[in-house]
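Novice: Here's a sequence, model it:
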Amino acid sequence: MNADQILGYGNSEVIKMWERAILHADINHCYAQIEEMRDALLAQIPMAVGGHEEFRHGIILAKNDLAKKYRIKTGESLREAYKKCPHLKIIHPDYDLYLAISEQVKEIYRRYSDKVESFGLDEAWIDVTHSQTLFGNPIEIARKIRMEVYHELGLTISIGISFNKVFAKMASDMDKHHGITVITSENYRERLWGLPIEAMFYVGQATAIKLRARGIGTIGQLANTPRIYLKSFLGKPGEWIWEFANGFDESEVAESEQLPMIKSVGNSITAIHDLETAEELKMVFRVLSESVAARLRQLDKKGSVVSIYLRTNGFDRCSRQIKSDYLIDTSDAIMECVERLLKAYLPLKGDGTFGTAYRSIGLAVSKLQKDAHKIQLSLFENENRTMHNRDLEVAIEKIREKYGSDKIKRCIMMKDKELTGFDPKKDHVIHPMGFFGYSDRSPKSG
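Specialist: Sure, this is the predicted structure:
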């Protein structure tokens, strides 16, 4: 049964031109599909792409259809997955391959529009409003894209079609068996408003709990709640999700060449063992700070706000940030801020521990500005020392790029080679750019 039959459209409904037509295309269980392309035998067994359990990066990133039958879920630990399916085959991710393949998929999208905006590695919005005179109505375009992706690359994709980006994204989530789902200005109340609030785009677990505590359990109830009331306990995001639920999203699909405005640079890691002392935290933060500083310099950026993120082995989270007295892009300057945060917010007990074990930590620098190669210093900062540290870090990074990250290290990292033996510049997971990641991205009311 095709999309037209599912929705009960007559031919006259299907062929008419859309005033605004947005597609959201999603490569089905992307990482797992690509691995099956590489090894066809993987399609015959329960298989998932996941991290390294021995290094505690044991999270399911994608699963194939056979693994899905065992109720394997993306985001759960490998330990949980093995309980459901002891013979589950785990493949470690190959991000370089996934990036290359996903770019080939998006090149197919670009045959139909110059407005193709990535939303992570495996998803993209495609504005086909002005493509209809060349390629047909949005459903016909979606069918052509699906067929070309499958015949040229062997991948299946799901496509949502709607008059705005939010509903197109939600539509693509409705049929993950390489289907096409259409949400129009006439049927969105019928199709969406009866769904649980958790299905609403931009409503996470914490927001859903707050909404349900106030008797708002469906998207329709959200849409019919006074906007000002939602803002009273959710802030600005309350207004955004109200606009989304009512179909008022008018945000544009970015042109293919338009790059996102980078607001922060960061890295995080799940440590190989729990971190209980200041020395252990500082060792891991030092590795992260070197990666963040190197990436800042590659982007020709400096920042003035340093944030740290910590998660306990009980999965409690906390975050803290501090403003630097000057723009920074060196590991030493970042670590000075980190140590001030640790001292202020994580006081040590008499035995030198925090009393809490931390499982994973993260670090980010924000409030970025383009590096004009001018050093802005505080009254107490030594300019020669700052320039020397920067030159030294640049030299170290060049050695690492040429010979490997393990060829030159600070002495502090040698105290626990196992704990600090990771390269956050390489061992990164690709996350989607946030919906508001581009400069002109705030929703507008209708």
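Novice: isn't residue 128 right up against residue 141?
Specialist: Yes - Residue 128 is within contact range of residue 141, at 5.1 Å (criterion: CB atoms under 8 Å). Every C-beta, even on glycine, is put in place using the N, C-alpha and C of the backbone.
Novice: what about these two, which has more around it?
Specialist: Remark: of residue 128 and residue 141, residue 128 carries more neighbours, 26 against 22, as counted by other CB atoms under 10 Å.
Novice: re the thing from before, show me the common contact partners of residue 128 and residue 141, please.
Specialist: Shared contacts of residue 128 and residue 141 (CB atoms under 8 Å, 6 or more residues apart in numbering): 23, 112, 135.
Novice: Could you report the pLDDT at the second one?
Specialist: Right, residue 112. With respect to pLDDT, residue 112 scores 97.
Novice: and what of the last one?
Specialist: Reading off the per-residue confidence, residue 135 sits at a pLDDT of 95.
Novice: Pull the contacting residues for it.
Specialist: Contacts for residue 135 (CB under 8 Å, 6+ apart) come out as 112, 128, 141, 144.
Novice: Between which two of those is the distance greatest?
Specialist: Farthest pair in those (CB to CB) is 128 and 144. Separation: 10.4 Å.
Novice: Are there residues contacting both of the two? Which ones?
Specialist: Here residue 128 and residue 144 have 112, 135 as joint contacts, going by CB under 8 Å, 6+ apart.
Novice: Would you indicate which residues of stretch 318-327 are buried?
Specialist: For stretch 318-327, burial by neighbour count (16 or more other CB atoms under 10 Å) applies to 320, 322, 324, 327.
Novice: for stretch 78-85, same thing?
Specialist: By neighbour count with 16+ other CB under 10 Å, stretch 78-85 contains the buried residues 78, 81, 85.
Novice: Quick one: those as TSV, columns for secondary structure too.
Specialist: Output for those, formatted as TSV (DSSP: H, G, I helix; E, B strand; the rest coil):
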residue	secondary structure
78	helix
81	helix
85	coil
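Novice: For the stretch 201-350 of the chain, just list every one of the strands.
Specialist: Using DSSP state E, counting those that start in this stretch, the strands of the stretch 201-350 of the chain run over 264-277, 301-312, 317-328.
Novice: Mark out where each domain of the protein begins and ends.
Specialist: The chain resolves into domains spanning 1-183, 193-245, 264-420 when parsed by automatic domain parsing.
Novice: Among those domains, which comes closest to residue 254?
Specialist: Nearest to residue 254 among the domains of the chain is domain 1-183 (4.2 Å), distances taken as CB to CB.
Novice: how distant is the closest one from the center of its chain?
Specialist: Averaging C-alpha positions (CA atoms, centre = their mean, to the nearest Å) puts domain 1-183 16 Å from its chain's average.
Novice: And stretch 239-256, by the same measure?
Specialist: In this view, stretch 239-256 has its centroid 19 Å away from the chain centroid, taken as CA atoms, centre = their mean.
Novice: Report the mean per-residue pLDDT for that stretch.
Specialist: Stretch 239-256 comes out at a mean pLDDT of 92.
Novice: Could you list the low-pLDDT ranges of the stretch 101-250 of the chain?
Specialist: For the stretch 101-250 of the chain, applying pLDDT under 70 flags the ranges 178.
Novice: Helices along that one, start to end?
Specialist: Ranges of helices within the stretch 101-250 of the chain are 132-135, 138-153, 165-172, 188-192, 205-213, 219-223, 227-234, 236-245, based on DSSP state H, counting those that start in this stretch.
Novice: got the angle for the longest one vs helix 165-172?
Specialist: Our comparison of helix 138-153 with helix 165-172, counting by axes from the mean of the first three to the mean of the last three CA atoms, to 10 degrees, yields an angle of 60 degrees.
Novice: Kindly report the same for the last one.
Specialist: An angle of 70 degrees separates the directions of helix 236-245 and helix 165-172 when computed by the same axes, to 10 degrees.
Novice: Not counting sequence-adjacent ones, nearest residue to residue 255?
Specialist: In space, and not counting its chain neighbours, residue 255 is closest to residue 115: 5.4 Å by CB to CB, 6 or more residues apart in numbering.
Novice: right, and the one you found touches residue 131 too?
Specialist: No - counting by CB under 8 Å, residue 115 stays clear of residue 131, with 9.2 Å between them.
Novice: Next, the buried residues of stretch 344-355.
Specialist: Buried residues in stretch 344-355 (16+ other CB under 10 Å): 346, 354.
Novice: ends of it, how far apart?
Specialist: End-to-end span of stretch 344-355 (CA to CA, to the nearest Å): 15 Å.
Novice: Let me know the average pLDDT across that stretch.
Specialist: For stretch 344-355, mean pLDDT is 76.
Novice: what's that stretch in contact with?
Specialist: Contacts of stretch 344-355 from elsewhere in the structure, counted by CB under 8 Å, 6+ apart, are 276, 277, 278, 281, 318, 320.
Novice: quick one: pLDDT of the nearest residue to residue 68 once chain neighbours are set aside?
Specialist: Counting by CB to CB, 6+ apart, the nearest residue to residue 68 once its immediate chain neighbours are dropped is residue 29, at 7.9 Å. For residue 29, the pLDDT comes out at 90.
Novice: which residues does residue 29 contact?
Specialist: 62, 63, 64, 65, 68, 176.
Novice: one more time with 7 Å
Specialist: Going by CB atoms under 7 Å, 6 or more residues apart in numbering, residue 29 touches 62, 63, 64.
Novice: Relative to residue 116, how far out is it?
Specialist: 21 Å (CB to CB, to the nearest Å).
Novice: Strands along the stretch 1-150 of the chain, start to end?
Specialist: Using DSSP E, counting those that start in this stretch, the strands assigned to the stretch 1-150 of the chain run over residues 22-27, 47-50, 60-63, 89-91, 116-118, 123-127.
Novice: Spatially nearest residue to residue 89 (excluding sequence neighbours)?
Specialist: Nearest residue to residue 89, sequence neighbours excluded (CB to CB, 6+ apart): residue 47, at 4.4 Å.
Novice: wait, isn't that neighbour in contact with residue 61?
Specialist: No - the criterion here is CB atoms under 7 Å, and residue 47 misses it with residue 61 at 11.8 Å.
Novice: Which one of those two is surrounded by more residues?
Specialist: Neighbour tally, residue 47 and residue 61, criterion other CB under 10 Å: the higher count belongs to residue 47, 26 against 22.
Novice: just the contacts of residue 135 now: which is nearest residue 35?
Specialist: Distance to residue 35 across those (CB to CB) is lowest for residue 144, with 26.6 Å.
Novice: With distance to residue 198 as extra columns, can I get the buried residues of stretch 78-85 in a markdown table?
Specialist: Formatted as a markdown table, the buried residues of stretch 78-85 follow (distance: CB to CB, whole Å):
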| residue | distance to residue 198 |
| --- | --- |
| 78 | 25 |
| 81 | 22 |
| 85 | 25 |
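Novice: which of the helices of the stretch 101-250 of the chain is buried the deepest?
Specialist: Across the helices of the stretch 101-250 of the chain, averaging neighbours per residue (mean count of other CB atoms under 10 Å) puts helix 165-172 on top, at a mean of 26.
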